[in-house]
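Novice: need coordinates for the following:
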Amino acid sequence: MRLNPTIDQIAQQVLFNIRANGFNPNARTKKLVTGGLYVNWQMNNPNRTNGLNVSSNDDPPSSHDIQTDLYYLNALAEYKHLHPTDSSYDQDVQKISPIVHYEFFNYNLPKGWIYFYLLRTGLYLNDQALVSEANMAAANYYNNWYDSKFNLLYNKAHDPGVYSVKHTVTASVAMMDAGIRWNQPQWLQAGKTALNTALSASYNLQTHLFYNNMSVNENATEVVLNDQARPSTQGSIVEALMDAYMLTHTQQYLDIADQVLQSMLVTSGLWDQNYGGLYFALNLNNNQLQQKYKETRSQAHTLIGLYRYNQVLRMLNQPQKYLDKQQQLINLLSTSFYEPTYHGYFYRLTPTFQNYISRNADGQLQSENYFTTEAMGIALDALQQTEMDFIPF
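Specialist: Prediction:
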């Protein structure tokens with residue numbers, strides 16, 4: 001492993017910030033007070049918590065997003081994996097682990113990234129309960145969300161059926177991995193067919209980018225529901241395709257990943273040629289860029305996907321690609337997207353990396369100077385993965 005002192009310092013500072021300001025003892029999960037992370041807190045006044053929600057602006061004090069707890073535990077596990085003799089954050093692991101266990105026991109939503117985070121975190125921490133919960137999640141993908149008639153994983157309860165392309169692709173690959181890992185050949189086959197079905201329907205062959213959401217009709221035909229191409233979606237899919245390639249050595253997965261990265265980083269306009277980084281989205285219907293802001297998670301997911309892609313190329317003794325963009329993303333997440341005084345990450349910034357100005361529920365202008373635990377967790381995941389020389393689990 002090649003430890004980067006800048007990344008290590010950022011990881012330490014962000015993890016300490018979460019320890020000092022991020023834990024909400026009143027957070028509820030499944031109607032039980034479990035504790036968990038705040039959704040956000042104001043950068044320079046951490047007592048102002050859950051005060052900025054770009055969707056509703058009405059988070060009550062006890063609410064939280066269980067996904068941020070998993071991001072946090074994953075970041076702690078990666079830090080521990082990279083620094084096995086450093087016990088600075090052992091108590092933080094012990095504090096959040098039982099909460100995550102409760103939150104993700106028998107997890108039953110078709111979000112495939114959950115499987116991989118549970119699995120990787122469990123293996124890094126030697127926590128068999130998390131590994132078992134990954135197994136449960138994969139079983140639920142197969143039993144509750146996979147449709148053998150359509151060869152697709154989607155929300156069958158919705159009429160018509162719907163799916164997030166990112167979640168369906170990652171859940172399909174999760175079934176493949178779990179099928180091999182736990183000797184469940186029906187999961188492996190279901191994952192393969194579901195992945196190929198989703199790729200065929202949701203991949204735009206003109207732009208070489210994926211749509212955001214799809215709907216599924218009763219006759220198995222699919223219709224684009226949201227035609228935005230978001231870098232966060234593209235990066236997550238590239239990451240999943242690298243896992244699928246490692247499991248099956250199917251060249252198509254490597255080829256599609258290369259096409260997506262070429263489009264996202266070079267030809268589509270999503271990459272800002274002036275300041276660097278990726279805009280929010282490209283509308284695949286009219287080819288219009290949505291460039292009012294840049295999401296932290298988009299840079300992070302793209303970096304993970306790109307780094308994984310280059311790990312595979314290196315393993316195959318092939319030249320790595322887009323290394324300039326890879327290094328720029330590392331630099332951006334270490335500088336422009338990182339707030340170095342108070343040690344955190346915002347949900348989004350302007351194209352020139354200033355605080356984004358939006359309107360609150362009353363229509364008043366507000367500065368989005370709130371650190372979000374989602375952005376903090378994903379950014380640390382991306383940066384710390386680049387310190388690892390091998391293909392993660």
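Novice: how about stretch 62-72: buried residues?
Specialist: Residues of stretch 62-72 classed as buried: Ser63, His64, Asp65, Ile66, Gln67, Thr68, Asp69, Leu70, Tyr71, Tyr72 (neighbour count, 16 or more other C-beta atoms under 10 Å). In short, each C-beta sits where N, CA and C put it, glycine included.
Novice: same check, this time on stretch 12-30
Specialist: 12, 14-15, 17-19, 21-24, 27-29.
Novice: turn these into CSV, including pLDDT, distance to Asn155 and secondary structure.
Specialist: Listed next are these as CSV, based on pLDDT from 0 to 100; distance: C-beta to C-beta, whole Å; DSSP: H, G, I helix; E, B strand; the rest coil:
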residue, pLDDT, distance to Asn155, secondary structure
Gln12, 98, 40, helix
Val14, 98, 34, helix
Leu15, 98, 35, helix
Asn17, 98, 36, helix
Ile18, 98, 32, helix
Arg19, 98, 37, helix
Asn21, 98, 36, helix
Gly22, 97, 31, helix
Phe23, 97, 32, strand
Asn24, 96, 30, strand
Ala27, 94, 27, coil
Arg28, 92, 25, strand
Thr29, 92, 22, strand
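Novice: ok, so of those residues, who is nearest Pro110?
Specialist: In terms of C-beta to C-beta, no member of these lies closer to Pro110 than Thr29, at 19.7 Å.
Novice: before we move on, the earlier item: what's the farthest-apart pair in the buried residues of stretch 12-30?
Specialist: Taking C-beta to C-beta as the measure, the buried residues of stretch 12-30 have their most distant pair in Gln12 and Arg28, spaced 29.9 Å apart.
Novice: pretty sure Lys194 is touching Asn151, no?
Specialist: To be clear, residue 194 is Ala; Lys isn't right here. Yes: counting by C-beta atoms under 8 Å, Asn151 is a contact partner of Ala194 at 6.2 Å.
Novice: higher neighbour count, the two?
Specialist: For Ala194 and Asn151, the more surrounded residue by other C-beta atoms under 10 Å is Ala194, and the numbers stand at 29 against 17.
Novice: now for the more buried one: which residues touch it?
Specialist: Tyr146, Asn151, Leu152, Leu153, Thr168, Ala171, Ser172, Met175 (C-beta atoms under 8 Å, 6 or more residues apart in numbering).
Novice: can you count the residues close to Val162?
Specialist: 18.
Novice: that one reaches Asn155, doesn't it?
Specialist: Yes: between Val162 and Asn155 there is a contact under C-beta under 8 Å: 5.1 Å.
Novice: and Thr197, that's in a helix?
Specialist: Yes: assessed with DSSP: H, G, I helix; E, B strand; the rest coil, Thr197 lies in a helix.
Novice: quick one: it from Leu284, how far?
Specialist: 19 Å (C-beta to C-beta, to the nearest Å).
Novice: and the buried residues of stretch 12-30, which is closest to Leu349?
Specialist: Closest to Leu349, out of all of the buried residues of stretch 12-30 and judged by C-beta to C-beta, is Val14, at 16.4 Å.
Novice: can you give me the helices for the stretch 201-350 of the chain?
Specialist: 231-248, 251-262, 296-315, 323-334 (DSSP state H, counting those that start in this stretch).
Novice: mind listing what's buried in the longest one?
Specialist: Neighbour counts over helix 296-315 (16+ other C-beta under 10 Å) mark 296-313 as buried.
Novice: output the contacting helices and strands for that helix.
Specialist: helix 231-248, helix 251-262, helix 323-334, helix 373-385 (3 or more C-beta pairs under 8 Å, 6 or more residues apart in numbering; DSSP states H and E).
Novice: now the angle from the longest one to helix 323-334?
Specialist: Orientation note: helix 231-248 sits at an angle of 120 degrees relative to helix 323-334 (axes from the mean of the first three to the mean of the last three C-alpha atoms, to 10 degrees).
Novice: what residues sit buried inside helix 231-248?
Specialist: Within helix 231-248, judged by 16+ other C-beta under 10 Å, the buried ones are 231-248.
Novice: please apply the same query to the last one.
Specialist: Along helix 373-385, the positions that meet the burial threshold by neighbour count (16+ other C-beta under 10 Å) are 373-385.
Novice: could you tell me the angle between it and helix 296-315?
Specialist: 20 degrees.
Novice: distance between helix 373-385 and the chain's centre?
Specialist: 9 Å (C-alpha atoms, centre = their mean, to the nearest Å).
Novice: pull the CA atoms of it into CSV?
Specialist: In CSV, the C-alpha atoms belonging to helix 373-385 read as follows (Å, rounded to 0.1, in the frame of the first residue of the first chain):
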residue,chain,number,x,y,z
THR,A,373,-22.0,13.1,6.5
GLU,A,374,-22.8,11.6,3.2
ALA,A,375,-20.3,13.7,1.4
MET,A,376,-17.7,13.2,4.1
GLY,A,377,-18.1,9.4,4.1
ILE,A,378,-18.0,9.1,0.3
ALA,A,379,-15.0,11.5,-0.1
LEU,A,380,-13.0,9.5,2.5
ASP,A,381,-13.9,6.3,0.7
ALA,A,382,-12.6,7.6,-2.6
LEU,A,383,-9.4,9.1,-1.3
GLN,A,384,-8.5,6.1,0.9
GLN,A,385,-9.2,3.6,-1.9
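Novice: Thr352 versus Gln288, what's the distance?
Specialist: Taking C-beta to C-beta, one finds Gln288 at 20 Å from Thr352.
Novice: flag the shaky bits of this protein, pLDDT-wise.
Specialist: For the chain, applying pLDDT under 70 flags the ranges 53-59, 392-393.
Novice: in it, which residue is closest to the centre?
Specialist: Closest to where the C-alpha atoms of the chain average out (C-alpha atoms, centre = their mean) is His301, at 5.8 Å.
Novice: leaving out the residues flanking it, which one is nearest to Glu222?
Specialist: Counting by C-beta to C-beta, 6 or more residues apart in numbering, Glu222 lies nearest to Ala201, which is 4.1 Å off, once chain neighbours are set aside.
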